[in-house]
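> Fold the following and give me the result.
(2 chains)
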Amino acid sequence: MEKSLRISRTITCDVLIIGAGGAGLRCAAEVFERRAGARVVAVTKVPHAQKSHTTTAQGGLAAVDPTDPVDKPIFHMFDTWKGSDCSADQNIIQRIVESAWDQIVWLEHRGMHFSRDLDGKLRKRTFGGHTIDFGEASAYRAVFEADRTGKGIMDTLWGETLKGGITFINQAVATELIFDRNRCVGAIVFKLKEGEFLCIAAKATVLATGGSGQVYQITTNCRQNTGDGLALVLKAGLPIMDAEAVQFHPTGIVGPGILASETLRSVGGILRNKDLEPFMEKYAPKMKELAPRDLVARAIETEIREGRGVMNPDYGVEHVWIDLRHLPDHIHDVQIPEVSSFFKKFLNIDPKKELCPIRPSNHYHMGGIPTDENGAVERGPGEIVEGLFAIGECASASFHGFNRLGTNSILELITMGKFAGEKALEYIDDPVSLPKDAGEITFSHFSKFLNAQGKEKIGRIRSELQAMMTEKVGVFRSEQGLIQAMEAIKELQERSERAALSQRSLKMNQELVQRWELDNLLAVSMVIVCSGLHRRESRGGHFREDYPERNDDFHYHTLAYMPISGDVKLGRRPIDMSIFEARGPDYEKFGLIERKY
Amino acid sequence: MYEVTLKIKRYDPDRRKSWIQEYKLKAGRILRFTDLFRKINDELDSTLAWNSSCEHAQCGTCAVKVNGKPLLACELLVENAVQYFGSPVFKIEPITVAPVVRDLVVDLEQAYANVERMQPYIVEPAHKQSQEAPSQIHPHVLERYVEATRCINCFCCATACISSHRTFVGPNAVMASVIRLMDPRDKAWKVRLDRLYDHRGVSRCHTSKACSFVCPKEIDVAHFVALAKEGRFGNVRNR
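Model prediction:
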């Protein structure tokens, strides 16, 4: 083994948080409020917590205001259940929705700069899929901070945790979870700037590592979202739930992948192919551009697959156009100024005069590390791992099931962050002891990375993986495509073993980090493929061309285990139907209903 | 297609050596400078270190100096850069507010220490808070400081600032303090004003307004610094 690889320091803390985005820091803040002086260490891959991906969330936070004369929590629960394609857990839906408004008040009292109405109260807006009276009319349910709600949350939580006395370890990644029998007792952390390995002993460990969007070629996710937390638990022999449930937004801006909001279509934007034909007429003759997200995404991908896409020479990405040229100036200037400015800023395109290139963009991973209603990680149904929690996008409780509604994700991360913080406190009076072999798994991996020989390039393998996953495991999936994807991943995995690094330094060696990330991307891709192969039906974000309808024989969560690379074993977790089973008012709305809008 | 030359200032922490390295590459007109760095990594030199995160101009991680101007590499398009600077040759350096870790990566943690010093949070709530309801803030009150809340701490302003980074906390740090002075929910004016006007505080500003000129979010940073400089918050205790 490589001599330079050793633990440079062992530190101890009460709560170790891996990933300092919205979920991780909300959890830390809760710990401080309940136990002043607790020792909380937060590890983040970015140079500072404020740079976390949460900061890019635009839209808002869904929460039913108890003083609202028409909106009720039961409507929010119904919308979430219906949106999830009947695949979310009803106990989680109920707990999050009922706690939502308290969380808004909490954020506001701690200084978040919410947008205000003329009375100085929190402004609210509508959002796709959020309704009153079980789908009768749009609900004004999303509170927001202009077009930067995620940033508002992040700034507030950063401030609160600073006040609490948090210790940040910036620009660092967790490479191994440490266990003492069935209890997680901390993690090995690699500090990128210093090139040092830390052993962190913790009474409770919280995974809040975010999404896995970099598995795909076009994504709204930041550069760091390489599914690290998912790969970490897989290596520890723990499962990933509903890995196949990936959300694609129909209109990502070619290049940066930023969302071009649905508003573009609702104000009259027209989708056109290479021949400038307005193709939505063929797929949804009545609704056209206003058809649901998944239908629009599939229509665009079909056009591209059948040769009617346009190639962007700079990014090497095929796309279709959204035509906004016919819209009057006041719509451009008043109703869609932000999105218009994205096209201008990132593509030098004037949407008033030119066609704008868009393509479905990977947006959100509904699947993740399975947890109970407190964020405690599950080894199997009802069987928790002591001292280990998972929250935010890397986790799956599951609040979103197979399809997430807009504004529900940041609601989920602040509520689950709070619950996990409360629960983590129960461990902090139990001392932990570290096993002697902590770090060995990390060093054997890093040794392999540093000593690899061969001419393969990490960047090329990653690009090939992303292109392949987009083509075969993206908006469309099929038995044949998924089998091909599985073979391709195995081949890429083998090739990755032959990628020699250009330098062997450990200090801020980005190539070394990218090599480690590549293993994570390959692992996450593999469980997405195997779970998708098993699920011979279409549900939410998982669309099988060969099985285009939902089939309620598959009414369960998929669990995928992969302790050894490439060797996937599947299991199941039942979907909680407690609202339905309680037979309360309107319970029948929580049965296996159709997701039709 | 453009042929561009990037002259990148590099630093190797293992050898403590710094040098300028030239990369020539072909680039499509709308590629961004972060795309160029990635292209260098994938095609020419996998050892070049640079930072970015969201690449949507919303996190400020990718700030660098291009021909001396601090900016976000994720929103600088090749064709705009050629037009703006009048040449396809670019000198690229790390921002100067913190020590360099490697190449274009600086230790932002040290730069952030200045912002944290200014307590970017509510220190002492001004009113008794009800558990059920959020406080009310009239939109006209919010309007006075909401622009400042858009700051992403990319440190472009602090890089451009003509005052020394060692003696001045920096324009963005001042702005973080000003936000909470103008926010009716906080009343810790005494501690805030003490820090704002101490030896590293706002008196170090030379009023060059370079901060407003370079801000990628187009915030009039100098306006908020000026409010502090003119002593606008002196009366705040009597509010």
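> Now residue 103. Nearest residue, chain neighbours left out?
If you meant another chain, say so; for now it's chain A. Spatially, and ignoring its direct neighbours in sequence, A:Q103 is nearest to A:I414 (5.0 Å; CB to CB, 6 or more residues apart in numbering or on different chains). C-beta here means a position set from N, CA and C on the backbone, and glycine is covered the same way.
> My question was about chain B, not that one.
Closest residue to B:D103 in three dimensions, ignoring its sequence neighbours and counting by CB to CB, 6+ apart: B:A49, at 4.1 Å.
> if I pick that neighbour, what's in contact with it?
Neighbouring residues of B:A49 by CB atoms under 8 Å, 6 or more residues apart in numbering or on different chains: A:M508, A:N509, A:Q510, B:V101, B:R102, B:D103, B:L104, B:V105.
> Restricted to helices, list the residues you listed.
Secondary structure from DSSP state H places A:Q510 of the contacts of B:A49 in helices.
> Dump the contacts of B:A49 to a markdown table, plus neighbour count.
Supplementary listing: the contacts of B:A49 in a markdown table, determined by neighbours: other CB atoms under 10 Å in any protein chain shown:
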| residue | neighbour count |
| --- | --- |
| A:M508 | 25 |
| A:N509 | 23 |
| A:Q510 | 19 |
| B:V101 | 23 |
| B:R102 | 25 |
| B:D103 | 25 |
| B:L104 | 25 |
| B:V105 | 22 |
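> Could you grab the helix/strand/coil label for the residue of the stretch 451-597 of chain A found nearest chain B?
Closest to chain B within the stretch 451-597 of chain A is A:G459: 3.4 Å, counting by CB to the nearest CB. A:G459 falls in the helix class when you classify it by DSSP: H, G, I helix; E, B strand; the rest coil.
> Give the closest residue to it in space, chain neighbours not counted.
Once flanking residues are discounted, A:G459 sits nearest to B:D42: 3.4 Å by CB to CB, 6+ apart.
> May I have the phi/psi pair for the one you found?
Backbone torsions of B:D42, given as degrees, to the nearest 10, read phi -80, psi -30.
> my guess is it meets A:R460, correct?
Yes - counting by CB atoms under 8 Å, a contact exists between B:D42 and A:R460, whose distance comes to 6.8 Å.
> on that earlier part again, and the residue nearest to A:G459, how far from A:C222?
18 Å (CB to CB, to the nearest Å).
> Repeat that for B:E75.
As judged by CB to CB, B:E75 and A:C222 stand 15 Å apart.
> hang on, the earlier thing: strands - which of the contacts of B:A49 land there?
When these are checked against strands (DSSP state E), the matches are B:V101, B:R102, B:V105.
> now these in a markdown table, with pLDDT and distance to A:H542?
Formatted as a markdown table, those follow (pLDDT from 0 to 100; distance: CB to CB, whole Å):
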| residue | pLDDT | distance to A:H542 |
| --- | --- | --- |
| B:V101 | 97 | 41 |
| B:R102 | 98 | 41 |
| B:V105 | 98 | 38 |
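> from these, which single one is nearest chain A?
Of all the ones in strands among the contacts of B:A49, B:R102 has the smallest distance to chain A: 3.9 Å, by CB to the nearest CB.
> residues in contact with that closest one?
B:R102 neighbours (CB under 8 Å, 6+ apart): A:K507, A:M508, B:Y11, B:D12, B:P13, B:A49.
> biggest separation within those, which pair?
A:K507 and B:Y11 (10.8 Å; CB to CB).
> about what we covered before: where does the residue nearest to B:D103 land on pLDDT?
B:A49 is assigned 98 on the pLDDT scale.
> Where does it fall, secondary structure wise?
Using DSSP states H and E, B:A49 falls within no helix or strand.
> State the distance from it to A:N509.
For B:A49, the distance to A:N509 - CB to CB - is 8 Å.
> Also B:R195?
38 Å.
> Over to A:Q503?
6 Å.
> Could you tell me which residues touch both of those two?
In contact with both A:Q503 and A:N509: B:T47, using CB under 8 Å, 6+ apart.
> does any bit of stretch A:64-79 sit next to chain B?
Yes - counting by CB under 8 Å from any CB of the partner chain, chain B is contacted by stretch A:64-79 at A:P66, A:T67.
> residues touching the residue of the stretch 201-350 of chain A found nearest chain B, list them.
Nearest to chain B, among the residues of the stretch 201-350 of chain A, is A:D314, at 2.6 Å (CB to the nearest CB). Residues in contact with A:D314, defined by CB under 8 Å, 6+ apart, are A:G255, B:A27, B:G28, B:R29, B:I30, B:L31.
> in stretch B:99-115, what counts as buried?
For stretch B:99-115, a neighbour-count test (16 or more other CB atoms under 10 Å in any protein chain shown) marks B:100-109, B:111-112, B:114-115 as buried.
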